[in-house]
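Novice: fold the following for me, if possible:
(2 chains)
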Protein chains: 2
Amino acid sequence: MSTSNPTHTSHAVCTSHPNIALVKYWGKENIPEITPIHGSLSVTLNFGVTTTKAEYSSDDVDHFYLNNKEAEITSRLKTAIDFFNDNGKLHFNITSVNSFPTAAGLASSAAGAAAFVGALASLVGKTNNPITYWMQKGVDLTALARKVSGSGCRSIHGGFVEWVPGTPSESVAKQIADQHQWEDFVVFSVIVSSKKKDVLSTKGMQSTVETVPWIHWRAQEVVPKRISDAKKFINEKDFASLAEIIMRESNELHANCLATFPPIKYLNDESFKVVSAIHQLNDDHKINIAAYSFDAGPNPFVFTTKEHEKAVLDKLHEIGIEESSITRATPCEGITCTYNE
Amino acid sequence: MSTSNPTHTSHAVCTSHPNIALVKYWGKENIPEITPIHGSLSVTLNFGVTTTKAEYSSDDVDHFYLNNKEAEITSRLKTAIDFFNDNGKLHFNITSVNSFPTAAGLASSAAGAAAFVGALASLVGKTNNPITYWMQKGVDLTALARKVSGSGCRSIHGGFVEWVPGTPSESVAKQIADQHQWEDFVVFSVIVSSKKKDVLSTKGMQSTVETVPWIHWRAQEVVPKRISDAKKFINEKDFASLAEIIMRESNELHANCLATFPPIKYLNDESFKVVSAIHQLNDDHKINIAAYSFDAGPNPFVFTTKEHEKAVLDKLHEIGIEESSITRATPCEGITCTYNE
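Specialist: As a prediction, this is how the structure comes out:
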C-alpha cells in the first residue's frame, strides 16, 4: 500500500457459510423488500465458505469481484453498499471468493449476501464484531442481508436460525441455538442430477404466491406451528420428530410448486428414489433416523445424526449414489469478521 | 333354460362406459358409505364398454363372472345385490365383460359398478329404463353405484356429470349436459408407462385426507367454485377456460398426493414431458387448445376439440409418443339397459 490515508489501507474480511432450510421459505410478501409470506428455519452448515474482503476504493467507484472476475453490482448489492456509503461519500472494492465443494450443488447466494454485508459492516464499523456493533446502533444486519438475498439473512448467524415474517423492519433472522447445541447433527448434500434448474426460485416463488389457492391459508395456519414445533425439537435434540417436519416441509414446498399454474417441477424420478429410500430406511428402523429435503432443484439434502451416518450412507450407496456425489457437513458458525486498519 | 319359471329365463343386459374426472375426486368423507369430501365433475366417454348381464340364479347362490372368470363378490358388490335381492329371497348370476382398448390403461371399476347396478336394477324392475323406474320409487341408482365404486356413480349418466357431496342420501351424481351438448369435445388416453401403480387409490386418498394440512380448506374454499365455473364453461362450450380448470385440478390432485405423508407419487418424468408439451402448445397458440389430466397413475388424458385434434396429435408425436399409445374418445351415453322376460 503506497498511500498513507488510513481509509485506503483499512480493510475487513468476512467469512460465511450456506444455510439449509428445515422449514422452507417460498414466497415473498413484499417483493422489493424481500419479506416472506411466512417464517422459515434453517441450519448454517460448513459445506463451504465464502470469503469476502471489503476495502475503500481509490477511484471513487464501487467494484465487485466474484471468484476473481469483475461482476455486476446488482440493485440488491447496491442496497447494502448504499446503506454503508455515507450518502455516497464512500466507495468500496469488494472481492468475494466461494470455496464450495464442486459436488455440493449449493446456491452460494445466501452465504454471499451474508459475507457481503458482513464485510462492509465490519469495515465501516471498524469492528471485528459487526453484528453487535450495528445492533447497538439499532441496525440488524440480517435485515440488510435479507434485502440482498432473502434467505441470506439466515447465514448471518450460525447454528439453527429462524427468519421471522413481518414488516420490513420486523422481518429479521434470529439464532435459536448455536453450532454447539447439536454437533452430531449431520447433513449430506447429494447430487442426483447436474442439470440446471428450469425455473429460477425468484420467479418460481412469485408464481406460486399468485396461483396456489391455499398458499396464504397454509402460511397462516400451518407454518407457525411447524416452526414452533421444530424449535422445540431442536432444543430437545429430538431428531425423529424434527425429521418428520423436515420431510413434510420439503414435500409441501414441492407440492406447492406442482400446484403452481403452470406447474413448476424441480424433482425428478431420481429425486424420488432418494425419498423412497429414506422412508424405507425409517420404516426399517421403526423410527426416523434420516430425513430428506429439496430446495429449488432435484438434488436432496439428507439429514441424520452421527449415530446413523453409516446406515444412511449405506442406503444411499445401495440405490446407486456414488461417494463422490455426497458432501458431508455439520452446524457451523455464522459470519466471522476481521477488521484491519 | 330347462325351467319354465319366468324368473329363471328373464334377464337384463346393461352397457356402461368409463368416465374421466375434470374436477377430481380424491378423498372420502364417509368411508363405508363412500361419500366424497367435495364434489367432482366428469365426462362419460366411449373409450370402451362394459357389458353386464344379470339373471336369476337357479342354485340360490349369487355368482359373479368378470371377463369370463368367476370372481369374488366383494362386500361392495354385495351392497348392490342386497339392495335388490328382496331380503335374501332372490339370487343372481351376473356376468360382466369389459371391452377396453388395451392401450387405454383405464380403470374399469367405474364402468363396472354402473353396469352392475344397472343390470340388477333393470332385471328386478323389469324395465329398460331403470334410472327412471327406480327414481319414481325414490331410489337414485347413482347412490347405489357410488357404494360399489365411488366414481362409478358418475358412469350411470352420459355426457357431463356432477357428483355432489353430502350425506349418504344426498351424495348422488347428476347429469349437467348430455353427450350431444359438446360432440366435438375430444379426449385422448395416452400411455407413457405401463408400470403398475404403487399406491392404490383407495388407500392413497385416505392417507391424503389424514395428512395434507389444507385438504379440508381446499374442499370448502376452492372446489365448489371450480365446479360451478366448469359447469358454466361446459354450458358455453368455452374450451380454453375449461382447459385451465382441468389442468389446475390435475395439478392440485398430484400436489395433494405429494404433500401426503409419506408422499404419493403417481407422475413420472415422462408424465411431465406431456405436461410441458401441452403448456408449450397452448403458449404457442396464445390460448388453451388442449389440457392434460392425470388420475392415480402416470398416464395422461389429453383434452382438446375436433378443431385442434391434429395439432395436439402432432405435438404428442413430436415428444415421442407413438400412435398406438393413443386412444381417442368423445362424450357418450350413460348406462343403456335392456330387459327380457
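Novice: C-alpha from now on. contacts and neighbour counts both.
Specialist: OK.
Novice: residue ranges of the helices in chain A, please?
Specialist: If DSSP state H is used as the criterion, the helices of chain A fall at A:6-9, A:75-84, A:109-125, A:130-136, A:141-148, A:201-211, A:215-221, A:223-235, A:239-259, A:269-285, A:309-318.
Novice: which residue does chain A bring closest to chain B?
Specialist: A:A255 (4.1 Å; C-alpha to the nearest C-alpha).
Novice: could you single out the most deeply buried of the helices of chain A?
Specialist: Highest mean neighbour count of the helices of chain A: helix A:109-125, a mean of 28 (counted as mean count of other C-alpha atoms under 10 Å in any protein chain shown).
Novice: so which elements touch it?
Specialist: With contacts defined as 3 or more C-alpha pairs under 8 Å, 6 or more residues apart in numbering or on different chains; DSSP states H and E, helix A:109-125 has these neighbours: strand A:11-16, strand A:49-56, helix A:75-84, strand A:92-99, helix A:130-136, helix A:141-148, strand A:336-340.
Novice: how far does the longest one sit from the chain's center?
Specialist: The chain centroid and the centroid of helix A:75-84 are separated by 19 Å under C-alpha atoms, centre = their mean, to the nearest Å.
Novice: and if you look at the last one?
Specialist: On the basis of C-alpha atoms, centre = their mean, strand A:336-340 sits 21 Å off its chain's mean C-alpha point.
Novice: that one pairs with which strands, and in what direction?
Specialist: strand A:11-16 (antiparallel) (DSSP bridges).
Novice: and the angle from the partner strand to strand A:49-56?
Specialist: In terms of direction (axes from the mean of the first three to the mean of the last three C-alpha atoms, to 10 degrees), strand A:11-16 departs from strand A:49-56 by 160 degrees.
Novice: could you tell me how far strand A:11-16 lies from the centre of the chain?
Specialist: On the basis of C-alpha atoms, centre = their mean, strand A:11-16 is displaced by 18 Å from the centre of the chain it belongs to.
Novice: that older thread, nearest to A:D269 among the helices and strands packed on helix A:109-125 would be which one?
Specialist: The stretch from the helices and strands packed on helix A:109-125 with the least distance to A:D269 (C-alpha to C-alpha) is strand A:92-99; that distance is 29.9 Å.
Novice: contacting residues around that closest one?
Specialist: Surrounding strand A:92-99, the residues in contact under the criterion C-alpha atoms under 8 Å, 6 or more residues apart in numbering or on different chains are A:48-57, A:60-68, A:81, A:108, A:112, A:116.
Novice: distance of the residue of chain A closest to chain B from A:H279?
Specialist: Applying C-alpha to C-alpha, to the nearest Å, the value for A:A255 to A:H279 is 18 Å.
Novice: and the residue lying closest to A:T304 once chain neighbours are set aside, how many neighbours does it have?
Specialist: Closest residue to A:T304 in three dimensions, ignoring its sequence neighbours and counting by C-alpha to C-alpha, 6 or more residues apart in numbering or on different chains: A:A290, at 4.6 Å. Neighbour count for A:A290, taken as other C-alpha atoms under 10 Å in any protein chain shown: 28.
Novice: quick one, what contacts A:A290?
Specialist: Under the criterion of C-alpha under 8 Å, 6+ apart, the contact list for A:A290 reads A:A240, A:A243, A:I278, A:L281, A:N282, A:V302, A:F303, A:T304, A:T305, A:H308, A:V312.
Novice: and for A:I289?
Specialist: Counting by C-alpha under 8 Å, 6+ apart, A:I289 makes contact with A:F239, A:A240, A:A243, A:L281, A:N282, A:T304, A:T305, A:H308.
Novice: can you read off the pLDDT for A:T102?
Specialist: Residue-level confidence at A:T102 comes out at 65, pLDDT.
Novice: what of A:F301?
Specialist: Reading off the confidence values, A:F301 has pLDDT 97.
Novice: mind listing the residues bridging to it?
Specialist: In this structure, A:F301 has the following beta-bridge partners (DSSP bridges): A:S189, A:S293.
Novice: surely it and A:V312 touch.
Specialist: No - under the criterion of C-alpha atoms under 8 Å, A:F301 lies out of contact with A:V312, with a separation of 11.9 Å.
Novice: how deep is the nearest residue to A:A145 once chain neighbours are set aside tucked in, by neighbour count?
Specialist: Using C-alpha to C-alpha, 6+ apart and skipping residues adjacent in sequence, the residue nearest A:A145 is A:C153, 4.8 Å away. Counted by other C-alpha under 10 Å, the residues lying close to A:C153 total 30.
Novice: what sits against A:C153?
Specialist: In this structure, A:C153 makes contact with A:A110, A:A113, A:A114, A:L141, A:T142, A:A143, A:L144, A:A145, A:R146, A:W163, A:V172, A:A173, judged by C-alpha under 8 Å, 6+ apart.
Novice: any chance of those residues in a markdown table with distance to B:P263 and pLDDT as columns?
Specialist: Formatted as a markdown table, the contacts of A:C153 follow (distance: C-alpha to C-alpha, whole Å; pLDDT from 0 to 100):
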| residue | distance to B:P263 | pLDDT |
| --- | --- | --- |
| A:A110 | 29 | 94 |
| A:A113 | 34 | 96 |
| A:A114 | 34 | 98 |
| A:L141 | 38 | 98 |
| A:T142 | 34 | 98 |
| A:A143 | 35 | 98 |
| A:L144 | 37 | 98 |
| A:A145 | 34 | 98 |
| A:R146 | 32 | 98 |
| A:W163 | 27 | 98 |
| A:V172 | 32 | 98 |
| A:A173 | 30 | 98 |
